[in-house]
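Visitor: Need a 3D model of the sequence below.
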Amino acid sequence: MKGSRKKYRRPGTVLALCLAGLVLTGALAGCGDGPAGGNTSGETVATVAGVETDSLSDSLSDTLPDDRAFTPVDAYAARLTDAFAAATPVPEEDVTYTTDGGGAVLTGYTGGETVVVIPDTLGGLPVTAVAEGAFRDMSSLRALSLPATVRSVGFGALQGCRSLATLRTPIMTCGEAGDWFGALFGAASYEINASEVPSSLTTLLITGGDTVPKGCFYGCTSLEAVGLPEGVKSLEPFAFYGCDSLAYVTLPDGLVSVGQYAFAYCPSLLNLSVPASVEAMGISMLEGCGALETLTLPFVGESREAADHRYLGYLFGAADHTFTEGYIPASLIRLTLLPGCGDIPANAFYSCSRLREVILPEGVTAIGHRAFYRCAYLAAIALPDSLRAIGDEAFKSCARLTDVDLSMVADGQQLGVQCFMNCTSLVTVTLSGSLSALPDGMFSGCTVLSEVRGNDSLPRSGSAFYGCDRLAGREESGT
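Guide: Residues are numbered from 1 along each chain as shown. Purely as a prediction, here's the structure:
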């Protein structure tokens with residue numbers, strides 16, 4: 001497959017400018033290296049008798065076997081749920097602290113444990129803060145849990161904890177002392193998160209906060225599993241940009257927005273489930289996520305109401321739906337849309353050629369023009385009972401689709417021209433018994449189509465079934 005698939009690019013100067021507030025607005029964000037226009041997918045379009053044809057083979061799936069399998073993520077999930085399951089708080093006498101405003105300020109740990117759970121209270125007072133340098137140079141510390149009552153952590157509180165592998169904390173940053181995760185480890189800016197956050201730190205459980213700040217985890221290359229808590233409403237732009245090893249992250253119900261480039265260039269990310277509460281997703285949110293296998297979304301594109309940017313490639317950095325093929329990772333197997341997603345926009349999954357499974361919820365009433373055009377690997381799609389209309393060429397050249405149930409669409413005027421044209425693996429179709437006619441070329445070129453169920457009155461010939469030789473042969477033989 002030809003294309004303009006973008007190469008992984010480590011965080012650098014261009015992103016530094018973006019985080020300083022110099023991001024260009026519009027479909028082309030200044031931090032991308034994608035093309036500004038033109039067809040980048042290698043596709044050449046010609047017309048024959050007024051009908052578009054593709055120079056790329058419509059039987060692409062016949063030449064590239066699909067042997068992809070889902071990578072298990074249970075081990076990552078278990079890290080987040082079981083990290084401190086067997087641990088108990090360390091004795092109060094092993095913790096040093098001061099008091100301030102009715103709370104305890106943790107100043108140090110003097111014990112010898114490598115897994116440290118700080119008690120919720122010290123001296124009868126809730127632990128509300130961790131002082132600057134409190135755990136400095138504790139090189140043997142492997143896991144640390146701070147109580148949910150903590151409201152501030154001093155700059156460099158964890159500096160020099162070079163063996164820390166698991167951290168549970170209600171605080172992501174040092175606030176005014178540094179609004180990025182690396183400040184906890186002494187990083188003077190987000191740009192040096194990678195050099196100060198220990199390379200051993202793979203598991204992060206966040207228990208508090210309502211916002212993941214801009215560039216918070218920028219370049220934290222060791223993180224593999226991250227859990228975000230209920231209450232987080234916003235992931236700001238570049239929040240997890242360049243987290244090389246991030247494979248698993250949980251997003252909470254109640255999340256409202258995910259900013260541009262939030263997970264860009266996380267080349268190990270295996271799946272992502274964006275909750276139904278999200279109202280907006282930024283361009284290039286998932287750009288460079290070359291290992292992504294499953295994706296759950298509340299809608300397609302920027303928002304439910306957006307007039308533009310309503311195509312999957314938008315989230316991966318494609319400036320237009322025609323560029324999608326060069327940006328969607330070849331690893332992406334399954335996409336699920338959540339209830340409330342609205343109708344499927346025109347060109348929503350245009351040329352998502354390696355997408356194999358799509359799950360649509362009840363409530364979807366229409367699938368737009370070319371919504372699944374040239375999804376050559378699409379082998380399974382269950383159309384909801386609520387569906388009432390399918391646009392022109394909606395599933396054209398879905399060369400692996402083997403059967404489709406259209407019995408819920410009772411009005412032939414709501415079926416598009418050529419909507420299943422060149423689905424060269426389509427064997428069985430189920431139609432509503434109320435249909436008296438089909439649009440031109442609806443199943444044209446479906447060369448192995450051999451059975452139409454649910455409607456015996458429709459002729460199996462003419463424009464709708466042009467080139468369906470097996471179906472015509474069965475009709476002539478009376479079978």
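Visitor: and K396, which of the three is it?
Guide: coil (DSSP: H, G, I helix; E, B strand; the rest coil).
Visitor: was I right about it contacting F420?
Guide: Yes - counting by Cβ atoms under 8 Å, K396 does reach F420; the two are 7.1 Å apart. (Each C-beta comes from the backbone N, C-alpha and C, glycine too.)
Visitor: which residues of the stretch 301-450 of the chain score low on pLDDT?
Guide: Counting by pLDDT under 70, the stretch 301-450 of the chain shows no low-confidence range.
Visitor: how about the strands in it?
Guide: 334-337, 357-359, 366-367, 380-382, 389-390, 403-406, 428-431 (DSSP state E, counting those that start in this stretch).
Visitor: ranking these by burial, who's on top?
Guide: strand 366-367 (a mean of 23; mean count of other Cβ atoms under 10 Å).
Visitor: Packing partners of it?
Guide: Judged by 3 or more Cβ pairs under 8 Å, 6 or more residues apart in numbering; DSSP states H and E, strand 366-367 is in contact with strand 389-390.
Visitor: List the contacts of the strand it packs on.
Guide: For strand 389-390, the external contacting residues (Cβ atoms under 8 Å, 6 or more residues apart in numbering) are 365-367, 406, 409, 411, 414-416, 419.
Visitor: Filter the residues you listed down to the buried ones and express that as a PyMOL selection.
Guide: To isolate the buried ones among those in PyMOL, judged by 16 or more other Cβ atoms under 10 Å, type:
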select buried, resi 366+367+406+409+415+416+419
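Visitor: With neighbour numbers in mind, choose between K396 and F420.
Guide: F420 (29 against 25; other Cβ atoms under 10 Å).
Visitor: And the more buried one, how far from A380?
Guide: Using Cβ to Cβ, to the nearest Å, we find F420 at a distance of 15 Å from A380.
Visitor: What are the boundaries of the helices in this structure?
Guide: Counting by DSSP state H, the segments of the chain that form helices are 13-17, 60-63, 74-82, 193-196, 469-477.
Visitor: circling back: closest to T203 among the contacts of strand 389-390?
Guide: Of all the contacts of strand 389-390, I367 has the smallest distance to T203: 40.9 Å, by Cβ to Cβ.
Visitor: which residues does the closest residue in space to T71 that isn't next to it in sequence contact?
Guide: In this structure, T71 finds its nearest non-sequential neighbour in L270, 5.3 Å apart by Cβ to Cβ, 6 or more residues apart in numbering. Residues in contact with L270 (Cβ under 8 Å, 6+ apart) are 71, 73, 247-248, 291-294.
Visitor: Next one: V115 from L144, what distance?
Guide: V115 is 8 Å from L144, by Cβ to Cβ.
Visitor: Would you confirm that E451 contacts L426?
Guide: No - E451 lies out of contact with L426 (Cβ under 8 Å); the separation is 10.1 Å.
Visitor: More neighbours: the two, which one.
Guide: Neighbour comparison, E451 and L426: the larger count goes to L426, with 24 against 13 (by other Cβ under 10 Å).
Visitor: Correct me if wrong: the more buried one contacts C419.
Guide: No - L426 is beyond contact range of C419, at 11.6 Å (criterion: Cβ under 8 Å).
Visitor: surely S434 meets A410?
Guide: Yes - using Cβ under 8 Å, S434 is in contact with A410, at 4.7 Å.
Visitor: Pull the number of nearby residues for A77.
Guide: A77 has 14 nearby residues by other Cβ under 10 Å.
Visitor: Could you do L458 as well?
Guide: 18.
Visitor: which residues touch it?
Guide: 431, 435-438, 452.
Visitor: Show me which of these is closest to L355.
Guide: With Cβ to Cβ as the yardstick, the closest approach to L355 among these comes from L431, at 25.2 Å.
Visitor: The closest one: what's its closest spatial neighbour, skipping adjacent residues?
Guide: N455 (4.4 Å).
Visitor: can you tell me which residues contact T88?
Guide: So T88 contacts V117 (Cβ under 8 Å, 6+ apart).
Visitor: and the gap between V127 and E113?
Guide: 17 Å.
Visitor: Could you check which of these two is surrounded by more residues?
Guide: Using other Cβ under 10 Å, the more surrounded residue of V127 and E113 is V127, with 23 against 15.
Visitor: My guess is that one contacts L106. True?
Guide: Yes - under the criterion of Cβ under 8 Å, V127 makes contact with L106 at 5.8 Å.
Visitor: right, and A129 touches P147 too?
Guide: No - between A129 and P147 no contact is recorded; they are 10.8 Å apart, counting by Cβ under 8 Å.
Visitor: Check the gap between G124 and D100 for me.
Guide: From G124 to D100 the distance is 14 Å (Cβ to Cβ).
Visitor: The two - which one has more neighbours?
Guide: Neighbours were counted for G124 and for D100 using other Cβ under 10 Å; D100 has more, 12 against 8.
Visitor: Can you read off the pLDDT for the more buried one?
Guide: D100 is assigned a predicted lDDT (pLDDT) of 93.
Visitor: residues touching it, list them.
Guide: 128-129.
Visitor: between V115 and L144, which one's more packed in?
Guide: Neighbours were counted for V115 and for L144 using other Cβ under 10 Å; L144 has more, 23 against 17.
Visitor: how much space between the more buried one and G340?
Guide: Using Cβ to Cβ, we find L144 at a distance of 39 Å from G340.
Visitor: Count the residues that sit near E305.
Guide: 10.
Visitor: Could you measure from D308 over to C341?
Guide: Taking Cβ to Cβ, one finds D308 at 17 Å from C341.
Visitor: more crowded one of those two?
Guide: Applying other Cβ under 10 Å to D308 and C341 shows that C341 carries more neighbours, namely 18 against 12.
Visitor: if I look at that one, how far off is R151?
Guide: In terms of Cβ to Cβ, C341 sits 38 Å off from R151.
Visitor: go on, V130?
Guide: Taking Cβ to Cβ, one finds V130 at 10 Å from R151.
Visitor: Among those two, which residue is more densely surrounded?
Guide: Taking other Cβ under 10 Å, V130 and R151 do not tie; V130 has more neighbours (27 against 15).
Visitor: Tell me the spacing between the more buried one and L184.
Guide: 9 Å.
Visitor: Which neighbours do the two have in common?
Guide: Common contact partners of V130 and L184 (Cβ under 8 Å, 6+ apart): 153, 157, 171.
Visitor: Export the residues you listed as JSON lines, with columns for distance to S222 and pLDDT.
Guide: Shown next, in JSON lines, are these (distance: Cβ to Cβ, whole Å; pLDDT from 0 to 100):
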{"residue": "V153", "distance to S222": "19", "pLDDT": "97"}
{"residue": "A157", "distance to S222": "18", "pLDDT": "98"}
{"residue": "I171", "distance to S222": "19", "pLDDT": "96"}
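Visitor: quick one: which of those residues is nearest F217?
Guide: I171 (13.5 Å).
Visitor: Nearest residue to the closest one in space, ignoring adjacent ones along the chain?
Guide: Nearest one to I171, counting by Cβ to Cβ, 6+ apart, is V153 at 4.7 Å.
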